[in-house]
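1. Provided below for reference: sequence and predicted model.
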Amino acid sequence: MKNHKTLGEYIIENQKDFQYTTGELSRLLSSIKLAAKVVNHEVNKAGLVDILGNAGDTNIQGEDQQKLDIYANEAFMRTLSNREIVCGIASEEEDDFVIIEGKNRSHDNKYIVLIDPLDGSSNIDVNVSVGTIFSIYRRVTPIGTPVTKEDFLQPGNLQVAAGYVVYGTSTMLVYTTGHGVNGFTLNPALGTFYLSHPSMKFPENGNIYSINEGYYVHFPQGVKDYLKYCQEEEGDRPYSARYIGSLVSDFHRNMIKGGVYIYPTSSKAPQGKLRLLYECNPIAFLAEQAGGWASDGYKRILEIKPTELHQRVPIFVGSKNMVADAEKFMAKYPQDADY
């Protein structure tokens, strides 16, 4: 990869594309890069040291926390806090948002970060790819004052940057600042991310559908009908079913190969399972920037106004035409989504 740009070089060269060119956003992305390398190092030691398994606690959603959940959360919180480049952080692993007050300047920073530190962590024990998802906004409350919940409850169409890190056979950082999507692969020998996947795009059509079909009997009728459509032998169908169970990994594969990822409502999860702020909004921003689409089955994910930090919503995300087909089936069973 010696002829490829490094992530640091790319960020600096493209700083002009940021709406606000103070350099603060560039330093923020560099901090996320650093924390990702720290987490990657720990993930790759899984099985060699005592970092596998359940930590014995639950998070705010009532889910069992894995040891690596806690480690990744601490790594990102520590890195973002110590560099004094954000005024607030909200994490899927924290009960509430965290106010960051600088040592030299009080509450002067402009950006807040929302993060899922280790998506798919239940898969770590069996050596399946996991990831980190992040979302960045400009605060809406006055600079110089402590951040409030209002700063975090912004619709996804106001994100200034979003991305994910996938810790797999190779480790990649993929992000957007609203000017397309680019992927950077970590060279572990040098500890440097290099531009490996410029201008990533979803194929408009795909032949992969990703959903946990084990919950089929609990799905809404529109989802059941769409799955039957995917399995019919007609034209370029049946589609292939591919489901890893790590959102980052499933989304990453579908963006490269063409496909749709679905996590709908169900009788077991009436509001859906994925978090709007930590998972759905950043993934939707990336999807749209890569020529794909993201919907809750009825409306655009990025237009949903959040009402709480850990709000859950259903999501249909991926190749534009596949999401549109799924929405047609959902439209036959209209319902008022109460988020």
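-> Received, thanks.
2. how many neighbouring residues does residue 204 have?
-> By other CB atoms under 10 Å, the residues close to residue 204 number 14. Using the backbone N, CA and C atoms, a C-beta is placed for each residue, glycine as well.
3. next, it: secondary structure please.
-> coil (DSSP: H, G, I helix; E, B strand; the rest coil).
4. same question for residue 305.
-> Classification of residue 305 by three-state DSSP places it in coil.
5. pull the contacting residues for it.
-> 153, 155 (CB atoms under 8 Å, 6 or more residues apart in numbering).
6. repeat the analysis, applying 10 Å as the threshold.
-> Counting by CB atoms under 10 Å, 6 or more residues apart in numbering, residue 305 touches 153-156, 276, 311, 339.
7. what's the answer for residue 274, then?
-> By CB under 10 Å, 6+ apart, the neighbours of residue 274 are 116, 119, 247, 261, 263, 280, 283, 312-315, 317.
8. among those, which has the minimum pLDDT value?
-> Least confident by pLDDT among these: that is residue 119, with 89.
9. pretty sure it sits against residue 128.
-> No: using CB atoms under 10 Å, residue 119 is not in contact with residue 128; the gap is 11.6 Å.
10. who's more crowded, these two?
-> It is residue 119, of residue 119 and residue 128, that has more neighbours when counted by other CB under 10 Å, with 29 against 14.
11. ok so, going back, kindly indicate which of the contacts of residue 274 lies nearest residue 199.
-> residue 283 (18.3 Å; CB to CB).
12. the closest one falls within a strand, correct?
-> No: using three-state DSSP, the secondary structure at residue 283 is helix, not a strand.
13. what about it, how many neighbours?
-> Using other CB under 10 Å, residue 283 has 30 neighbouring residues.
14. likewise residue 156?
-> Neighbours of residue 156 under the rule other CB under 10 Å: 25.
15. was I right about residue 330 contacting residue 296?
-> Yes: under the criterion of CB under 10 Å, residue 330 makes contact with residue 296 at 9.0 Å.
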